[in-house]
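Undergrad: Just need the structure, nothing else, for what follows:
(2 chains)
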Amino acid sequence: MLVLPDPILSRPSEAVGAPGPAALALAGDLVDTMRASPACVGLAAPQIGVGLRAFVMDVSAHPKARSCHGLVVLFDPELLESSGPEVAREGCMSVPDLTGDVRRATRVVVSGTTPEGERRVLEADAFEARALLHEMDHLDGAVFLDRVTGPHAVFPRKVYR
Amino acid sequence: MARFALSALGVDRPGIVAALSGALASKGLNLADSTMTVLQGHFAVLLVIEAPDGTSAAELEAALEVPAGELDLVLSVRPLAELPERGTQVGSSLGNDPEEREPWVLSVHGADRPGIVHAITSVLAGEGANIVDLSTHLVGDDLAPLYTMHMALSVPRGSSRLLAARVIEVGASLGVHCQMNPGDSDLL
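TA: Numbering: from 1, shown residues only, chains lettered A, B, ... in the order given. From the prediction side, this is the model:
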């Protein structure tokens, strides 16, 4: 797992295109890593050091989730629609010592390519929408620290270094 | 009404704010703006005190001597200068006129090294951007510490695009990532 200040996390990733064996292996790595990390609801390829536009997400059983598509594996995702901005606290496996308040849409429509190579369109709201936008940010080299609402919107997880 | 700035710093523990505010309240002094936070395990206080005309900074320090001693705080009180009249040269260059300024948030993060704050804020000063609020954190392990800095800015209207480009360029030369976003100006 890469953590800031690793520069890979601030670099835009490259398109996957038609998913081949390497992309499927990447998806498997992402799912395994996410599953191995308690409280992790999503993981993007740059977080494990791969500069490709791929992420996995699973908000099942998360108390803040409304829409829930179970395990989602998506390549080359695109944001088609977003609305209803709301501020909420976020953390990230790649920024383990801080959390932050970020304004994000609460309703999104996202398209992308599945591991089977088919185009999929997802409609999501609430926490799942936030998770999608958070993971898609990683593919553009952005983390939540780039989007917090201001200087008093960043919080140390533990008070003392 | 006289205004004073109190600064105090000491190892963090419960009761610092209660002790300081208690000493001030017992003298009938009023607390105005303040910012208080934990910095690397030390509690830092920056507080504006309103006091009757004729009060001296030495009197205020004397009133705070007991709690400062008990809590081992480094403490000082200084009188605040009167603010310049609105519309004078200094006031307008500080820029609180919403017609001429717009709010932005600047996020900076990267590997810690000396000089990040100076390099970034020098760009801001050079472009006439005013820092309204600033917060930084140094986190992570000693081998790869992460430095983060977030600022609320008041930026001359129309200059944000150029400013963002300059900040990103200077940040890149230091290996830090910079992002400027519009500040929240919703009125509810």
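Undergrad: from the chain's centre, how far out does the helix or strand where residue B:78 lies sit?
TA: Assessed by DSSP states H and E, residue B:78 sits inside strand B:74-79. Computed by C-alpha atoms, centre = their mean, to the nearest Å, the chain-centroid distance of strand B:74-79 equals 16 Å.
Undergrad: Is residue A:4 in contact with residue B:107, as I believe?
TA: No - counting by C-beta atoms under 8 Å, residue A:4 sits too far from residue B:107 to count as a contact (11.9 Å). The way it works is simple: take the backbone N, C-alpha and C, and place the C-beta from them, glycine included.
Undergrad: where do the contact lists of those two overlap?
TA: Counting by C-beta atoms under 8 Å, 6 or more residues apart in numbering or on different chains, the common neighbours of residue A:4 and residue B:107 are residue A:145.
Undergrad: Where do the strands of chain A begin and end?
TA: With strands called from DSSP state E, chain A shows them at A:42-44, A:54-57, A:72-92, A:95-113, A:119-125, A:154-156.
Undergrad: If you count contacts, what does the fourth one end up packed against?
TA: To tie it back to what came earlier, the one meant is strand A:95-113. Under the contact criterion of 3 or more C-beta pairs under 8 Å, 6 or more residues apart in numbering or on different chains; DSSP states H and E, strand A:95-113 touches strand A:72-92, strand A:119-125, helix A:126-139, strand A:154-156, strand B:130-139, strand B:146-156.
Undergrad: in chain B, what secondary structure element scores lowest on mean pLDDT?
TA: Least confident helix or strand of chain B, by mean pLDDT, DSSP states H and E, is helix B:89-94 with a mean of 46.
Undergrad: moving C-terminal of it, what's the next helix or strand?
TA: Immediately after helix B:89-94, counting by DSSP H and E, sits strand B:101-111.
Undergrad: if we can go back for a sec, give me whichever of the strands of chain A is most buried.
TA: For these, average neighbour numbers computed from mean count of other C-beta atoms under 10 Å in any protein chain shown are highest in strand A:54-57, which has a mean of 28.
Undergrad: Show me what it is packed up against.
TA: By 3+ C-beta pairs under 8 Å, 6+ apart, strand A:54-57 packs against helix A:21-36, strand A:42-44, strand A:72-92, helix A:126-139.
Undergrad: Let's see that with 10 Å instead.
TA: Where contact means 3 or more C-beta pairs under 10 Å, 6 or more residues apart in numbering or on different chains; DSSP states H and E, strand A:54-57 is packed against helix A:21-36, strand A:42-44, strand A:72-92, strand A:95-113, helix A:126-139.
Undergrad: Pairing partners for the longest one, with directions?
TA: This points to strand A:72-92. Each strand paired with strand A:72-92, and its direction, by DSSP bridges: strand A:54-57 (antiparallel), strand A:95-113 (antiparallel).
Undergrad: from the chain's centre, how far out does it sit?
TA: 7 Å.
Undergrad: could you give the mean pLDDT of it?
TA: Strand A:72-92 comes out with an average pLDDT of 97.
Undergrad: coming back round to it: among the helices and strands packed on strand A:95-113, which comes closest to residue B:163?
TA: In terms of C-beta to C-beta, the element of the helices and strands packed on strand A:95-113 nearest to residue B:163 is strand B:146-156, at 6.1 Å.
Undergrad: Which among the helices and strands packed on strand A:95-113 is found nearest to residue B:103?
TA: strand B:146-156 (6.3 Å).
Undergrad: Buried residues, the closest one. List them.
TA: B:146-155 (16 or more other C-beta atoms under 10 Å in any protein chain shown).
Undergrad: packing partners for it?
TA: Identification of packing neighbours for strand B:146-156 by 3+ C-beta pairs under 10 Å, 6+ apart yields strand A:95-113, strand A:154-156, strand B:101-111, helix B:116-126, strand B:130-139, helix B:160-173, strand B:176-182.
Undergrad: Mean pLDDT and distance to residue B:58 for these - can I get that in CSV?
TA: Output for the helices and strands packed on strand B:146-156, formatted as CSV (pLDDT from 0 to 100; distance: least, C-beta to C-beta, whole Å):
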stretch, mean pLDDT, distance to residue B:58
strand A:95-113, 97, 41
strand A:154-156, 94, 37
strand B:101-111, 96, 39
helix B:116-126, 96, 33
strand B:130-139, 95, 31
helix B:160-173, 96, 43
strand B:176-182, 96, 43
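Undergrad: residue contacts, the closest residue in space to residue B:106 that isn't next to it in sequence?
TA: Once flanking residues are discounted, residue B:106 sits nearest to residue B:151: 4.6 Å by C-beta to C-beta, 6 or more residues apart in numbering or on different chains. By C-beta atoms under 10 Å, 6 or more residues apart in numbering or on different chains, the residues touching residue B:151 are A:150-151, B:104-108, B:117, B:120-121, B:124, B:129-136, B:180, B:183.
Undergrad: about what we covered before: put together CSV for the strands paired with strand A:72-92, with distance to residue A:71 on each row.
TA: Listed next are these as CSV, based on distance: least, C-beta to C-beta, whole Å:
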stretch, distance to residue A:71
strand A:54-57, 7
strand A:95-113, 14
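Undergrad: Which stretch among the ones you listed approaches residue B:1 most closely?
TA: Using C-beta to C-beta, the strands paired with strand A:72-92 put strand A:95-113 closest to residue B:1, at 35.4 Å.
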